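> Structure, please.
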Amino acid sequence: MSENKWVRSISFNKTNPKDIERLRLIGKKSFSRFIKKLLDDEIKRQAVIPSAHTKPATPQQRTKVKPVVTKKEVRPKLNPMLREK
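A predicted model of the protein is given here:
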């Protein structure tokens, strides 16, 4: 095997219904080609289209979750002349 190749393994359980369905989907297709196409499709799906003035987002930037900003409760200000005593 070439030094340039990096092999990742995946296992399937022949008694697991979800794994059986996955194996049926793959069928006799080239497993490596099938997985690479799925990965390419996912990369395209996650890609951010950069505008002319911004740098493309890195994978780390794409996965960051922005914090939720909550607004403070706004109480209407009452006219001091109208307040009950």
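
> where along the chain do the strands fall?
Ranges of strands within the chain: none, based on DSSP state E.

> Tell me, please, where in it the pLDDT is lower than the cut-off.
Low-confidence segments of the chain (pLDDT under 70): 1, 48-85.

> one more time with 90, if that's ok
1-3, 5-10, 25-32, 45-85 (pLDDT under 90).

> where along it do the helices fall?
17-26, 31-46, 59-63 (DSSP state H).

> N4 is nearest to which of those helices?
N4 lies closest, by Cβ to Cβ, to one member of those: helix 31-46, at 14.7 Å. Backbone N, C-alpha and C define where each C-beta goes, glycine included.

> hang on, the earlier thing: how about the helices of the chain, which one is nearest K5?
helix 31-46 (10.5 Å).

> Report the angle between that closest one and helix 17-26.
Relative orientation of helix 31-46 versus helix 17-26 (axes from the mean of the first three to the mean of the last three Cα atoms, to 10 degrees): 100 degrees.

> circling back to that earlier point, go through the helices of the chain and name the closest to I10.
Here helix 31-46 is closest among the helices of the chain (Cβ to Cβ), at 7.8 Å.

> Redo the helices of the chain as JSON lines? Include distance to K5 and mean neighbour count.
Formatted as JSON lines, the helices of the chain follow (distance: least, Cβ to Cβ, whole Å; neighbours: other Cβ atoms under 10 Å):
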{"stretch": "helix 17-26", "distance to K5": "21", "mean neighbour count": "11"}
{"stretch": "helix 31-46", "distance to K5": "10", "mean neighbour count": "10"}
{"stretch": "helix 59-63", "distance to K5": "23", "mean neighbour count": "9"}
